[in-house]
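Asker: Structure, please.
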Amino acid sequence: MPSQEEQNGRFLHRPQQDYPAATVAEFCTAVLILDWFREGRDIEAEMYKLSTYLGHSEPKHTFWYIEAVPELMQLAAARAERQVLEGAS
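Answerer: Down below sits the predicted model:
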């Protein structure tokens, strides 16, 4: 049973009770990052902005999204490989 404060809407976010909502948020974040890769954006700069928006204390807590989604990991690896090859030229 929700407390009186919860019923009055004073609690805006209770992650321990919002597992399905968190999963949707994680999916949407992964899709957003996929779009950044496809658009050729500066991923590091975008991730710093996203980290701030999500309220993460450090960007490294946001970068796990790339590792969590196989397609993102493939795109990140391909981009890193291109950067290494371009730097060697």
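
Asker: okay, CA-based contacts and neighbour counts for the rest of this
Answerer: Will do.

Asker: Now do the buried residues in the helix or strand hosting C28.
Answerer: Counting by DSSP states H and E, the element that carries C28 is helix 19-39. Of the residues in helix 19-39, T29, A30, I33, L34 count as buried by neighbour count, 16 or more other Cα atoms under 10 Å.

Asker: same question, stretch 41-53
Answerer: Buried residues in stretch 41-53 (16+ other Cα under 10 Å): M47, Y48, L50, S51.

Asker: Looking at the residues you listed, which are in helices?
Answerer: Within those, residues falling in helices by DSSP state H are M47, Y48, L50, S51.

Asker: and these as CSV, adding distance to A25?
Answerer: Shown next, in CSV, are those (distance: Cα to Cα, whole Å):
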residue, distance to A25
M47, 15
Y48, 17
L50, 12
S51, 13
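
Asker: Looking at the residues you listed, which is nearest E86?
Answerer: M47 (22.8 Å; Cα to Cα).

Asker: Tell me how far the closest one lies from L85.
Answerer: Between M47 and L85 the computed distance is 23 Å (Cα to Cα, to the nearest Å).

Asker: How about E39?
Answerer: The gap separating E39 from L85 is 20 Å, by Cα to Cα.

Asker: again with K60
Answerer: When distance is defined by Cα to Cα, K60 is 25 Å away from L85.

Asker: Closest one of the ones in helices among the buried residues of stretch 41-53 to L75?
Answerer: If you rank those by distance to L75 using Cα to Cα, M47 comes first, at 14.8 Å.

Asker: who's in contact with the closest one?
Answerer: By Cα atoms under 8 Å, 6 or more residues apart in numbering, the contact set of M47 is P59, T62, F63.
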